[in-house]
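> One predicted model, sequence on top.
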Amino acid sequence: MSSDDLLSAPSSYTLGGMQKSQLRAPFALAGAAALALTLAVSGCSSDSASNSASESVVQTADGTVAPPEAPVRVGVTDFADVIASPDVTIVDVRTPEEFAQGHIEGAVNIPVEYADFTDQVSQLDADGTYAVYCRSGNRSQTAVDQMSGVGINGIYELESGTNGWAAAGQPLVQ
């Protein structure tokens, strides 16, 4: 007897004590699992527009950079435009050792891996504009999340860190 025969059998038919409705349950569960897996996989694709700037950095009438309403990740060119503005605080979130090996000129070092990072950034002006970076763009994401947690949202984050900065020919100072 085929599985089709089992499914089309009257509900009184049993196979090993199982009724037809019980035979359908595994098939229904398998279908539901396949649908859930499909939705989960399609939900994993990211919309990078929410994590990175889709427009260029906005300059104000006086030539300074306008702080974004929420943190945005930007590439090297936009980051260079941001830090050219005198009202932007550049924050290097790497270790002091990494900072000493080479950093973006004018940066202050506030290591994200230190236990007091949140305390340090909570002392910053919440209405200020910040340019945040690390070595590759990973630690800066953590730093930006913590900064946002204390009410600082005017953040431009260098998506490629000093690795991308130097690869694009931008200078690091010691």
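Right, received. Where do you want to start? Residues are numbered from 1 along each chain as shown.
> Can you list the low-confidence ranges for the chain?
1-56 (pLDDT under 70).
> Mind jotting down where the strands sit in it?
14-15, 18-19, 72-74, 88-92, 108-109, 129-133, 155-158 (DSSP state E).
> Could you export these as TSV, including mean neighbour count and distance to residue 169?
All C-beta spots, glycine's among them, are computed from the backbone N, C-alpha and C. TSV is the format used below for these (neighbours: other CB atoms under 10 Å; distance: least, CB to CB, whole Å):
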stretch	mean neighbour count	distance to residue 169
strand 14-15	12	73
strand 18-19	14	71
strand 72-74	22	17
strand 88-92	22	18
strand 108-109	14	23
strand 129-133	25	16
strand 155-158	27	15
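> can I get those in a markdown table with distance to residue 145?
Output for those, formatted as a markdown table (distance: least, CB to CB, whole Å):
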| stretch | distance to residue 145 |
| --- | --- |
| strand 14-15 | 55 |
| strand 18-19 | 52 |
| strand 72-74 | 12 |
| strand 88-92 | 14 |
| strand 108-109 | 19 |
| strand 129-133 | 11 |
| strand 155-158 | 10 |
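> closest one to residue 147 among those strands?
strand 155-158 (6.1 Å; CB to CB).
> Touching that closest one from outside, list them.
53, 57, 65, 67-68, 71-76, 78-79, 82, 88, 129-133, 137, 140-141, 144, 147-148, 164-165 (CB atoms under 8 Å, 6 or more residues apart in numbering).
> on that earlier part again, right, and the strands of the chain - which one's nearest residue 116?
strand 108-109 (13.1 Å).
> Nearest approach to residue 61 belongs to which of the strands of the chain?
Nearest to residue 61, of those and by CB to CB, is strand 129-133 at 15.4 Å.
> Tell me which strands the closest one pairs with, and in which orientation.
strand 88-92 (parallel), strand 155-158 (parallel) (DSSP bridges).
> Compare those and give me the one nearest residue 117.
Nearest of the strands paired with strand 129-133 (CB to CB): strand 88-92, 10.4 Å.
> contacting residues around the closest one?
By CB under 8 Å, 6+ apart, the surrounding residues in contact with strand 88-92 are 64-65, 82-83, 99, 103-104, 106-110, 121, 124, 128-134, 143, 156.
> now with 7 Å?
65, 82-83, 99, 103-104, 106-110, 128-133 (CB atoms under 7 Å, 6 or more residues apart in numbering).
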